[in-house]
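Participant: Sequence plus the predicted model coming up.
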Amino acid sequence: SQKIEQNSEALNIQEGKTATLTCNYTNYSPAYLQWYRQDPGRGPVFLLLIRENEKEKRKERLKVTFDTTLKQSLFHITASQPADSATYLCALDMGNGSGGYNKLIFGAGTRLAVHP
Amino acid sequence: NAGVTQTPKFQVLKTGQSMTLQCAQDMNHEYMSWYRQDPGMGLRLIHYSVGAGITDQGEVPNGYNVSRSTTEDFPLRLLSAAPSQTSVYFCASAPGGLGAKNIQYFGAGTRLSVL
């Protein structure tokens, strides 16, 4: 079955640096890959989506890459700020779901701490 | 728009008790789902619905029931609570379909403890 690996250790970086988070998966590539942000005590919030035929997607200070050969997605936050501190989840949309429903498979998330 | 609203925010149950977690969305989304989140694990799908009157099981359905009588509401019932059901429960809705239409909008969660 499909599995997702995100670094379980927290990522600590200095303000202003680029944070890079990794999402690795096994087996076959998803049709889409999504990234969410989750703050303590809150539900996840969607950030970016990338298709399997796209190499890179950008939104403001965020960038996502998708390498189907390596079976990996990287999530970058440039010029990081303390307000970016949160847990970031990746999710695979496998597509072709029965009855039209496409299940998402979520990683456990990586906690990012940006220090002033 | 309120988005996805979950109630209650916190709940403590004794083993064997039953309860219903409420979920409502005001975005006219076709799809609704229930997930549970445990430490060190990804969100796991419990049950989902592709429209009113249609529900199906997810990855971890045992001990839970759902129904979808309206587009807006998708309650989750715990039939006989067990300590293993101690978790944070999230309800989510999505417009439906592949890609951007499958972006999940989550509620704030219900933190459940079963003693």
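Facilitator: Cool, got the structure.
Participant: For B:Val50, which non-adjacent residue is closest in space?
Facilitator: Leaving out its chain neighbours, the residue that sits closest to B:Val50 by CB to CB, 6 or more residues apart in numbering or on different chains is A:Tyr101, at 5.0 Å. Using the backbone N, CA and C atoms, a C-beta is placed for each residue, glycine as well.
Participant: Which pLDDT value goes with the one you found?
Facilitator: For A:Tyr101, the model assigns a pLDDT of 70.
Participant: contacting residues for it?
Facilitator: B:31, B:48, B:50, B:56 (CB atoms under 8 Å, 6 or more residues apart in numbering or on different chains).
Participant: Show the contacting residues for the first one.
Facilitator: Which is B:Tyr31. By CB under 8 Å, 6+ apart, the neighbours of B:Tyr31 are A:101, B:48-51, B:93-96, B:102.
Participant: Shouldn't B:Tyr48 be within a helix?
Facilitator: No. B:Tyr48: not assigned to a helix; according to DSSP: H, G, I helix; E, B strand; the rest coil it is strand.
Participant: what number of residues lie near it?
Facilitator: 25 (other CB atoms under 10 Å in any protein chain shown).
Participant: touching chain B at all, the strand or helix carrying A:Leu74?
Facilitator: Following DSSP states H and E, one finds A:Leu74 within strand A:72-77. No. Applying CB under 8 Å from any CB of the partner chain, one finds strand A:72-77 out of contact with chain B, separated by at least 14.5 Å.
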